[in-house]
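**Student:** Starting from these lines, generate the structure:
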Amino acid sequence: TDYKPKVRYLRNKTWKPMLEDNGRGYFTRQEHVTPHIGFLASTWLLERDDFESREAPRPRYKYDKESEKVAERMAGLDDTKKMLIEFFDDKIQVAFLVIGSVAMQGASFEQILNFVVGYSAGEYDSLLLAWKEKVRHNRVRPTTWIQEQMSEQVLNTWAGPGEGTKMLKGKNFEAYVRIMPHSEYVSGSGCICQAIYEFTDAWLDNNLGISDSIPLQLPEFTVGCSKTEPNITPATDITIDLLNMQALRDACGESRLDGGMHFESSVEASYKLCEGVGFKAAEFARELW
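**Tutor:** Now for the predicted structure:
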């Protein structure tokens, strides 16, 4: 594609490549990862007309106010929220959690293989949808806006690994985990987790006769296991139980807001954008069976 970031305008609301470093003096500038896939990649489940017609509404952000909400959320980070941010940042961990929980319901080896194929199909199409809208809207990340447009404003927020909550200037603001090299709106994680929620509940009903969603227990987070705050967070061992698959979706979306990666509308819009993809994945898996 001919996608290029637009970075030359005052109070620019479009995505801008962020400067990153490895902590040892080596700096790199981001490029938007795979901007073409929402337009050129073939879908697995959705008909092309359905895919193209799905659009997230234009976000009407008041960026300074939204950014203050981001900082306020991060001021309230506790060990549980931090571990949820890290957990949902790794979609492989999420997949293993869900697959393991399904296996515990008595699914056979062959059924688990069928589940994984359907799971992957839903994840794939939901990601294509998210990327189509990310590039179409091309919105700036909270970190960029706060660092550049609110650089001298003093905020009470998370101050970095091991620093807790402090007053700092916007130019020193950082999200809890790495900001990935793609635009803010909509949330890719929100789309993926919406599809996972729908697919898992529908697959369990279709294949195991389980009409009520299943509970999930995340892996135990032991003292100091955090990747962002190693040897510090959590201060005590933490076990997190989720009531059902919808609770998993909600926790996934909230983690993207708590970590400072998104503005609020991005997550809710992603749920609506990808609504129904998981059900199509469940039907696809049933046809394969």
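**Student:** And the helices in the protein?
**Tutor:** Per DSSP state H, the chain carries helices over the ranges 37-40, 48-53, 63-75, 79-88, 91-103, 109-137, 142-149, 188-208, 245-258, 264-273, 277-288.
**Student:** Indicate which one of these is closest to residue 236.
**Tutor:** helix 79-88 (7.6 Å; CB to CB). The C-beta positions use only the backbone N, C-alpha and C, and glycine is treated the same way.
**Student:** Would you mind listing the buried residues in that closest one?
**Tutor:** By neighbour count with 16 or more other CB atoms under 10 Å, helix 79-88 contains the buried residues 79, 81-88.
**Student:** ok so, going back, would you turn the helices of the chain into JSON lines with mean pLDDT?
**Tutor:** Output for the helices of the chain, formatted as JSON lines (pLDDT from 0 to 100):
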{"stretch": "helix 37-40", "mean pLDDT": "90"}
{"stretch": "helix 48-53", "mean pLDDT": "97"}
{"stretch": "helix 63-75", "mean pLDDT": "97"}
{"stretch": "helix 79-88", "mean pLDDT": "98"}
{"stretch": "helix 91-103", "mean pLDDT": "98"}
{"stretch": "helix 109-137", "mean pLDDT": "97"}
{"stretch": "helix 142-149", "mean pLDDT": "96"}
{"stretch": "helix 188-208", "mean pLDDT": "98"}
{"stretch": "helix 245-258", "mean pLDDT": "98"}
{"stretch": "helix 264-273", "mean pLDDT": "98"}
{"stretch": "helix 277-288", "mean pLDDT": "98"}
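**Student:** closest one to residue 180 among these?
**Tutor:** Across the helices of the chain, closest to residue 180 is helix 188-208 (CB to CB), at 8.3 Å.
**Student:** Let me know the angle separating that closest one from helix 245-258.
**Tutor:** Helix 188-208 runs at 170 degrees relative to helix 245-258, counting by axes from the mean of the first three to the mean of the last three CA atoms, to 10 degrees.
**Student:** Extract the CA atoms of helix 188-208 and return them as CSV.
**Tutor:** The C-alpha trace of helix 188-208 is given here as CSV (Å, rounded to 0.1, in the frame of the first residue of the first chain):
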residue,chain,number,x,y,z
GLY,A,188,-6.8,-5.0,18.0
SER,A,189,-6.8,-6.8,21.4
GLY,A,190,-10.5,-5.9,21.9
CYS,A,191,-11.4,-7.4,18.5
ILE,A,192,-9.5,-10.6,19.2
CYS,A,193,-11.0,-11.1,22.6
GLN,A,194,-14.5,-10.4,21.3
ALA,A,195,-14.0,-13.2,18.8
ILE,A,196,-12.5,-15.6,21.4
TYR,A,197,-15.4,-15.0,23.8
GLU,A,198,-18.1,-15.7,21.1
PHE,A,199,-16.3,-18.6,19.5
THR,A,200,-15.5,-20.4,22.8
ASP,A,201,-19.1,-20.2,24.1
ALA,A,202,-20.6,-21.3,20.8
TRP,A,203,-18.1,-24.1,20.3
LEU,A,204,-18.7,-25.5,23.8
ASP,A,205,-22.5,-25.5,23.1
ASN,A,206,-22.1,-27.1,19.6
ASN,A,207,-19.6,-29.7,20.5
LEU,A,208,-19.9,-30.5,24.3
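**Student:** quick one: contacts for residue 33?
**Tutor:** Contacts for residue 33 (CB atoms under 8 Å, 6 or more residues apart in numbering) come out as 180-182.
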